[in-house]
Each structure stands twice: as C-alpha cells, then as structure tokens.
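In: Let me see the structure of the following:
(chains A, B and C)
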Amino acid sequence: MANGFYQVKLSHVFEGPMDLLVHLINKNEVDIYDIPIAQITDQYLEYIDLMKSMNIDFAGDFIIMAATLTHIKSKMLIPSINDKEDEDPRLEIARPLLEYLRMKSAAELLVERNILGQDTFAGNINKKDYIIKPEDEIIDVGLFELIDAFQKILKNIPVDYRLDFTGEKISVKDKISEIISILEVKGSVTFFELFSANVGKSEIVATFLAILEIVKLDIVRIVQYAQTGIIRLFYL
Amino acid sequence: MTKDLTNIIESLLLVADAPLSVERIKKIITSADTAEIKDALEELLRKYGEGKGGFVLREIAGGYQFRTLPEYMEWIKRLIQPNPLRLSRPALETLSIIAYNQPVIRSDIEHIRGVDSGGVLRMLLERKLVKVLGRKEIPGRPLIYITTKHFLEVFDLKNLKDLPTPKEMEAQPDSSSEKITQKPLFE
Amino acid sequence: MTKDLTNIIESLLLVADAPLSVERIKKIITSADTAEIKDALEELLRKYGEGKGGFVLREIAGGYQFRTLPEYMEWIKRLIQPNPLRLSRPALETLSIIAYNQPVIRSDIEHIRGVDSGGVLRMLLERKLVKVLGRKEIPGRPLIYITTKHFLEVFDLKNLKDLPTPKEMEAQPDSSSEKITQKPLFE
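Out: Model prediction:
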C-alpha cells in the first residue's frame, strides 16, 4: 500500500498502549503478577512494527510504553546484588496495569446500572402549568458554561482583539477586586496592610500593579502622612 | 397481566409531558385492548383519587394526567422559582466577557458582543454577579465593571485565579479521537 | 398536619426536576422540622416501594425522586424519544477514573489511561458528568476534577459511597513475585 494512501486510526483497535498491553496479556494467558517480560516486550514491539508498516497512525504514548518495557526487560537480565530487598522491576508495569484493569471493571459496573434516560425515567411534569412568567431559553449555568460561552466569543473575534491570558494578569485582576472589597468595607486601608498578608514575590508585584491600576482608573486616592510616613489608600 | 398493564400505564403517566389518551396508550401497548386499558385507568383513578395523596389523576383534554392539588400551589411555586444559577444566553456571554477581561467598560463588552448590552448588564448588577468599580477617566467617564464575591460563590471558585482559561478547556485535536470511537455503548 | 406534610412533599416530588433533598424540602416548607420531613419521606418510601406500582420513590444523589421501573423501559421509549447518554468506552473509563479517584488532575487520569484525555474530559464537562473543583497548588496549578450531582442522578447512585466496588485482581497463591498491595496509586 502506497504511503499516505491508506491510513487506519489505531483507536479502532487499541485506545492506547495500556489497551495493547492488556490485549497481549490476555492473549498469552499470563499472570499479571508474573509477566514474562521478554516475551510480552517482543510481541509489543512486533505490534508497533506492524502498525508502522500498515501506516497506522499511532500516538507517541505507544513508543513511551515500548521504552518502559525494554527498560524493565534489561533490568531483569542484570542479576540484583541484594535481591531480597530489591523490588521486582516488573512492578513498574504491573501496578499501573492493575489500576487500569480495576478502572475498566469499574466502567463495566457503571454501564450495568439503571441509567437515567435509558433504563429508568424520572417524572416529566410540564412546568408551564405552574409558571406564570414564561422563560425564554434559560440555561442552568455552571463554570463550564461560562468558559464555553467565552470560548465561543473568542472564536468570533479577530485575532488582533484577542487577549492574552497569563496567570499574572488574572492575579492582578484578583488583587484589584480584593483591594476594592477591603475598601468597600473599611473606606481606607494602609499600604502596609495590603502587603502584610503577601507571601510570594509575584503576589507583591501583583498587589503593586493592582494599586497602580486602580489609581490610574481614579478609583482611589493615595495619601502619605508627612509625620508618620504611613501611606493610605482612600476609596473615592 | 392486568396488574402489569396498570403498572405500565402508571409509569407512562409519570413520564408523559401531556395528558395521555386511551388511543395513545393503545398504540404504545399494542397487546392490550381498549376495554383493558379503560379498566386499568379506572383502577388508577381510584388509586390516585381526591384525598388519597399529594397529587391526583385527572381526566384532562381527552386524556389522563397527574396533577398536584391546588392547595399545594404555594409550595410548588417556591420549588420551581428560578434560581441564581439560571441565566439567559446573552447574560452568560456578557458575564464571561466581564469575568475574563475585568475591569471592563460597557463599550468594551459591546465591542466584543456586537450588540447593545445595557439591559443584560443591569440584570447582572441586580443579581449581584457584577458590580461597578468606578469610572474610567476618559471622555464620557464610563463605568467600570468587575465581577463580585457572589460571582465566585455561585461558580464555586476560591478566587479569580481559579477561573479556568479557555485554553485549558480546549480539546486537543489529536487527542484520543473521541469522535471516532463514539460508538453507542448503551444500546 | 403530618398527613398534610406528607401530601405536600408528595406533590413536590411529582413536580421537581431533580432529586429533592431533605434540606431543600425544609427550605420550601419552613414550618416543618427535619425529623418530621424524614418521617414523611419514610412513609412515602413505603407507599412507593418496589412492587407497589409502575414507579418507585428512590434515594438518589442525596435526595428523593420518582423513577420508573427498568422493566417498563420498552414502553416508555415508545412514548418519548429518550435522549440516551451515549458514552464511548474511553469516556466511560475516564469517568470511572474520576469517580473512583476524585479529586483528580488531568495528568493522574492520563497516567492511568496511558493516553491524552483532553477531548474526553471536555466531553464529560459538557455533559455535566464532571466539573472543575479548583486548582491544585502545585507547579502549573492544574485544574482539579470531580464528578457532579448529575453523575449520581444518571447512574442511580445515592452518593459516592454507593459506587459499586470494582473487581480487584487477585494475587495468585503460587505466584513467585511478592504480593502487590493495592494502594491507591495517585494521591
């Protein structure tokens, strides 16, 4: 088959390297606690070669697993000096495999439950009979809906207008709202108080940038007392 | 069999969003005849008769439907009144713009959304999801908006830094090919 | 009065679109105390017990809800066009990992599955089966994921403790290797 003409997505066969490994262990009917590592590694590598030759598109995760297996195989060949205390190198792969199998079995148990909208149904009383004011397309909103809404907006605006989201920027915003909250309650606050709770350097910078921003926006006035040297922020 | 028929009709009545007629039931339960269905409905009318519980089975618009008693209307209204987490799409859009770009002025919001946002803004202010921070010292001295502490509470966030960035929510195009393996599992 | 309380709760249960918790009921019927509400619910659980009719009252996601019996699903599907939750195997695996190991971060999930899980995660978020809890205070501040109340509703679970116990792989007695203690891997 000519290159690039025939491509199969591997996901049809194996979802990931773990899936392939489970398949090999089942096929060879071996004990997961006593994996014949040389045999399984060879078969695993054969599969990868086969996938390559068939031009199957597969993720780098498969290569990482191959490296792990090869590494374990080589470790098994070197006799351990104090083999009483050393852990079986195969545990490196047996542990994640066990967890993966445990989760696969959990997934099967979930499917067997009486699933809402599939096996069992809840009442469906027409709320219009009870609500006087009609609601036009009201969504139950969560964090995901909020981000999703913003993502859709971003897609519709030209790149030039797009904003850069850096952690720091958000942290400055956070500081602004924090300072304003304090000012709303107390009316004024000293510089010292604003910085006293800060732990990290980046937070101090964020606080300082936040103060500059709100001063620029003319939301606060900064006053320094001549006698004490105390700097105080006043809410305008 | 008749007991079973009654039970099936009872479950259909719970799930239906409009009164169920005998003809409709007959089309669903093809093995039952009209007389049997009518008998089952009679039995259910007795079971869910006036004074037997919190709701009754009523004959409405040529069909049958469960209805709550009028005397409990007051409590039911309290149950179904809109909660703070229910927003219209324009309100959600506006809120997301403020959350990610704050502090912002109205014209920024309207520039991004492309429509007048005064009404939506007022609603968000009323619900205490956003607040006025002050005025920006540019011509016209427009109001500056930011999100409130209540906003963080409603969305279960500790602070604005916890707000996930849109990038974090993006699905990798080369990811585990969800779409391809989208076989129906529950069938 | 108690009879009336039971009736009011019964009518609320009919109208509610999600399982009703004792706390929620208490907020609606302010005159009743928790013990009275619990008694009334006990009475209703008996009234709508298994084998009493076409639907039952079930304890789900920390609340109570009327649910039809699974054996009648065939007929109900003829009445309404259900919108079944179709989850692919990768999605279901990811959901299990979150359910059993929560709170988890994306790299925990990917470590267990061995593949990128961004696309699947987004899909689970969209379907409201999982949600973002916040950020973990480690380098990179990754998002923390947990399952939602809706997850419990869909899978007919009272609470997270109600999750079925997955099969553990048993160690072979004749196995030469040391016994692997099944500790939670990612904590």
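In: Could I get the contacting residues of the residue of chain B most remote from its centre?
Out: Residue farthest from the centre of chain B, counting by CA atoms, centre = their mean, is residue B:139 at 42.1 Å. When the contact criterion is CB atoms under 8 Å, 6 or more residues apart in numbering or on different chains, residue B:139 has no partners at all. From N, CA and C alone the C-beta is placed, and that goes for glycine too.
In: three-state assignment of it?
Out: Classification of residue B:139 by DSSP: H, G, I helix; E, B strand; the rest coil places it in coil.
In: Can you say which helix or strand has the most centrally placed residue in chain A in it?
Out: Using CA atoms, centre = their mean, the residue of chain A that lies closest to the mean C-alpha position is residue A:144, 13.5 Å off. Assigned by DSSP states H and E, residue A:144 belongs to helix A:143-156.
In: Packing partners of that helix?
Out: Helices and strands touching helix A:143-156, by 3 or more CB pairs under 8 Å, 6 or more residues apart in numbering or on different chains; DSSP states H and E, are helix B:89-101, helix C:118-126, strand C:130-135.
In: if I look at residue A:30, how far off is chain C?
Out: Distance, residue A:30 to chain C, by CB to the nearest CB, to the nearest Å: 11 Å.
In: Once you drop chain neighbours, what's closest to that residue?
Out: residue A:36 (5.8 Å; CB to CB, 6 or more residues apart in numbering or on different chains).
In: Report pLDDT for the residue nearest to the centre of chain A.
Out: Residue A:144 carries a pLDDT value of 83.
In: What pairs with the least confident helix or strand in chain B by mean pLDDT, parallel or antiparallel?
Out: Least confident element among the helices and strands of chain B, by mean pLDDT, DSSP states H and E: strand B:86-88 (a mean of 82). Sheet pairing here is set by DSSP bridges, and for strand B:86-88 it gives strand A:138-140 (antiparallel).
In: Averaged pLDDT, the strand it pairs with. What do you get?
Out: Strand A:138-140 carries an average pLDDT of 65.
In: ok so, going back, pull the number of nearby residues for the residue nearest to residue A:30.
Out: Look at residue A:36: counted by other CB atoms under 10 Å in any protein chain shown, it has 15 neighbours.
In: correct me, but it touches residue A:28?
Out: Yes - counting by CB atoms under 8 Å, residue A:28 is a contact partner of residue A:36 at 7.4 Å.
In: Can you mark which positions in the least confident helix or strand of chain B are buried?
Out: Residues B:87-88 are the ones in strand B:86-88 that count as buried (16 or more other CB atoms under 10 Å in any protein chain shown).
In: for stretch B:139-151, same thing?
Out: Under 16+ other CB under 10 Å, the buried positions of stretch B:139-151 are B:143-148, B:151.
In: In chain B, mark out all the strands, start to finish.
Out: B:55-60, B:63-68, B:86-88, B:104-105, B:130-135, B:143-147 (DSSP state E).
In: Export the first one to PDB, keeping only CA atoms.
Out: Spelled out, that is strand B:55-60. Output in PDB follows, covering the C-alpha atoms of strand B:55-60 (Å, rounded to 0.1, in the frame of the first residue of the first chain):
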ATOM      1  CA  PHE B  55     -51.400  14.600  43.600                       C
ATOM      2  CA  VAL B  56     -54.400  13.100  41.700                       C
ATOM      3  CA  LEU B  57     -55.000  11.500  38.400                       C
ATOM      4  CA  ARG B  58     -57.300  13.800  36.300                       C
ATOM      5  CA  GLU B  59     -59.100  13.500  33.000                       C
ATOM      6  CA  ILE B  60     -57.900  16.500  31.000                       C
END
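In: hang on, the earlier thing: so which of the helices and strands packed on helix A:143-156 gets nearest residue A:78?
Out: Closest to residue A:78 of the helices and strands packed on helix A:143-156, according to CB to CB: helix C:118-126, at 38.3 Å.
In: Might one say that the residue nearest to the centre of chain A is in contact with residue C:129?
Out: No - between residue A:144 and residue C:129 there is no contact under CB under 8 Å: 10.7 Å.
In: Break chain A down into its domains, please.
Out: Using automatic domain parsing, the domain ranges for chain A come out as A:11-112, A:116-236.
In: Show me the shaky parts of chain B.
Out: Across chain B, the ranges flagged by pLDDT under 70 are B:1-2, B:82-84, B:171-187.
In: Run a quick neighbour tally on the nearest residue to residue B:25 once chain neighbours are set aside.
Out: In space, and not counting its chain neighbours, residue B:25 is closest to residue B:37: 5.2 Å by CB to CB, 6+ apart. Residue B:37 has 22 neighbours, counted by other CB under 10 Å.
In: Then the one 10 residues further on?
Out: For residue B:47, the number of neighbouring residues by other CB under 10 Å comes to 15.
In: How about the contacts made by it?
Out: Shown in contact with residue B:47 (CB under 8 Å, 6+ apart): B:57, C:53.
In: do residue B:141 as well
Out: By CB under 8 Å, 6+ apart, the contact set of residue B:141 is residue B:135.
In: Centre of the chain to stretch A:71-81, how far?
Out: Its chain's C-alpha centre and that of stretch A:71-81 lie 35 Å apart, by CA atoms, centre = their mean, to the nearest Å.
In: Spell out whether that stretch and chain C are in contact.
Out: No - judged by CB under 8 Å from any CB of the partner chain, stretch A:71-81 and chain C are separated, with a smallest distance of 11.8 Å.
In: Put the alpha carbons of that stretch into CSV.
Out: The C-alpha coordinates for stretch A:71-81 follow below in CSV (Å, rounded to 0.1, in the frame of the first residue of the first chain):
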residue,chain,number,x,y,z
HIS,A,71,13.9,-1.0,30.2
ILE,A,72,12.3,-3.5,32.5
LYS,A,73,13.5,-6.3,30.3
SER,A,74,17.0,-5.2,30.6
LYS,A,75,16.7,-4.7,34.3
MET,A,76,15.5,-8.3,34.6
LEU,A,77,18.6,-9.6,32.8
ILE,A,78,21.0,-8.0,35.3
PRO,A,79,21.1,-10.1,38.5
SER,A,80,20.3,-8.0,41.5
ILE,A,81,23.0,-7.7,44.2
